[in-house]
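Chemist: coords below, sequence missing:
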């Protein structure tokens, strides 16, 4: 029995030590030792082994060894108890509300660095990290340059503190800091620097406020407090006020909208709205009993690279794709992860057999961000021949490329890419493969020379063939940038082709006359890109001229910056009376913006039935996006 006790304590202390190291790495922005899912799992294991262990009541991490100046908080910054499943939330609410149905506030649980902003006489004075809840680091020098909060609150002379999250928007992380493990680590690293470098990339999002003089009552409840911060110029966390009995329904809405945010979130904070009920429930060691943090499935996890395959894209690019040991990340099971290109493989120094960390944040596709542990029998990731045609690939910049113009793999991808980009309905992959295998389609131009009889001979039914032919005829009408941007040419996607049109190249003849020096005159076109774009156009000169004969190319019309739809954004979903491309062109031509998904800030979701209950509709409603019919959209366009 004594031996068992000694073994149990040894296991407990080892577990607590690991959690302590991982916690320090998390709060200080060091490369993670454990993924979020592993940390939560091991913390629950410690709770079972030793419910009274000191680590479990620890808040944040000590800042004793930090090189930054230390400051005491005016008001201690506590933490919340986490719940990981709906049943636990339901149980907590049932125990808390008794016979009543009190209002609760739901707020995004943002994954950044918690800070206290101190205001003296209504003027911003200091910023302090949470640290251990009682003492943190003075980060005034970096936070001062961040956005999202006023330096002076007008018509307010009280001393008060704002509790907020210092975050790095996902879009900013992708653009400037993708070499750092995730947006949270990047935010922590930037805020805690000795210099103020990159501090302007940080956004402050407020979630709580407190007066230093506790005898003054300024707000009537939590929701009123958020409204006050909004009015005073603070960027506040997304908040929803609901009856506690509806909490589970609204949690589902939050989780559905998670990927539409540009800020990393790992859950929802649930707070009792009424201050009197908060006081009645109380707190324990800086942890309130009137609030919980419901955590989503983790966006990051560790797994093993089991193999790597190579895929040929429509422009001949050969991309490595890692097959990994299945792991649950961001609400879905991940089995395959792109490695992007050979430069990324070299940068990560990753091999088959390695344990790696992958993340899935916001709209970001699953991505390997680092090697956690090298495998015992590592195998180098390399490609010596095209997986489709066997040709020896060439290295073009960071890209491995099959330069065989007759490569069957890239040829099929080009055809499928065109059909998808031109929105040729009913022409699915199975039908395309039948046409390719029968030899009726070997190149994109063949799409516009085939007959219904050709399709029937290839094994496609008569009715389906007629539907496909009707869609092919519709797809002939397009802009010059639609045509060029749908062919799968190197560096010439639709948006890039449209950018070049905006520079004054409005016809195919204009494109064919472009020289690298012409593009270099414009911002965003360096030597390498200019050379590759022009080379891509010239190599495909005959294809472009051939395609022009098959298409009905409309005259280029520059988007109107002050049009009737200026500053309005639209997302189209479901069936429509005209091709979606034409609907999107109507938006662009009137100065509006097209979005591919429902997200915060979207002006309108356009669909056949605005009363539908689809996922997109529910997401739009939860984000406050207006849902309109196609007829209403046409009226806005003056049709």
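Modeler: Thanks, I have it. Keep in mind it's a predicted model, so treat the numbers as computed, not measured.
Chemist: Show me what the helix or strand containing residue 496 packs onto, helices and strands only.
Modeler: Assigned by DSSP states H and E, residue 496 belongs to helix 494-502. Helix 494-502 is packed against helix 480-485, with contacts defined by 3 or more CB pairs under 8 Å, 6 or more residues apart in numbering; DSSP states H and E. (Glycine included, C-beta is placed from N, CA and C.)
Chemist: which helices and strands sit right next to the helix it packs on?
Modeler: With contacts taken as 3+ CB pairs under 8 Å, 6+ apart, helix 480-485 sits against helix 494-502, helix 508-512, helix 541-550.
Chemist: List the contacts of residue 474.
Modeler: Contact analysis of residue 474 by CB atoms under 8 Å, 6 or more residues apart in numbering lists 424, 579.
Chemist: what element comes up after the helix-or-strand element of the chain with minimal mean pLDDT heading to the C-terminus?
Modeler: Across the helices and strands of the chain, mean pLDDT, DSSP states H and E gives its lowest value to helix 2-28, namely a mean of 63. Once helix 2-28 ends, the next helix or strand along the chain (criterion: DSSP H and E) is helix 36-49.
Chemist: next helix or strand past that next one?
Modeler: With DSSP H and E, the next secondary element past helix 36-49 is strand 70-72.
Chemist: Show me which positions of that following strand end up buried.
Modeler: Using 16 or more other CB atoms under 10 Å as the burial criterion, the residues of strand 70-72 that qualify are residue 71.
Chemist: same check, this time on stretch 324-343
Modeler: Applying 16+ other CB under 10 Å to stretch 324-343 flags 324, 327, 329, 330, 334, 337, 339, 340, 341, 342 as buried.
Chemist: Then stretch 72-91?
Modeler: For stretch 72-91, by 16+ other CB under 10 Å, it's 73, 74, 75, 77, 78, 79, 80, 82, 83, 84, 89.
Chemist: got it, and stretch 598-616?
Modeler: Buried-residue list, stretch 598-616, by 16+ other CB under 10 Å: 598, 599, 602, 603, 604, 605, 606, 607, 616.
Chemist: same check, this time on stretch 225-234
Modeler: Residues of stretch 225-234 classed as buried by neighbour count (16+ other CB under 10 Å): 225, 226, 229, 232, 234.
Chemist: Next: stretch 422-442.
Modeler: Buried residues in stretch 422-442 (16+ other CB under 10 Å): 422, 424-427, 431-436, 440-441.
Chemist: per-domain residue ranges of the protein.
Modeler: 2-57, 70-295, 300-401, 408-475, 478-553, 569-636 (automatic domain parsing).
Chemist: okay if I get the ones you listed as TSV plus distance to residue 563?
Modeler: Converted to TSV, those look like this (distance: least, CB to CB, whole Å):
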stretch	distance to residue 563
domain 2-57	44
domain 70-295	25
domain 300-401	27
domain 408-475	24
domain 478-553	15
domain 569-636	3
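Chemist: Which of those domains comes out lowest on mean pLDDT?
Modeler: Set side by side, the domains of the chain give their lowest mean pLDDT on domain 2-57, at a mean of 66.
Chemist: Any idea how far stretch 263-272 is from the middle of the chain?
Modeler: 17 Å (CA atoms, centre = their mean, to the nearest Å).
Chemist: OK, contacts around residue 374?
Modeler: So, once contact is read as CB under 8 Å, 6+ apart, residue 374 ends up touching 351, 353, 354, 355.
Chemist: Residue 304: which of those residues is nearest?
Modeler: residue 355 (5.6 Å; CB to CB).
Chemist: give me the number of residues near that closest one?
Modeler: 15 (other CB atoms under 10 Å).
Chemist: Enumerate every residue touching it.
Modeler: Contacts of residue 355 (CB under 8 Å, 6+ apart): 302, 303, 304, 371, 372, 373, 374, 375.
Chemist: From the residues you listed, pick the one nearest residue 457.
Modeler: residue 303 (47.0 Å).
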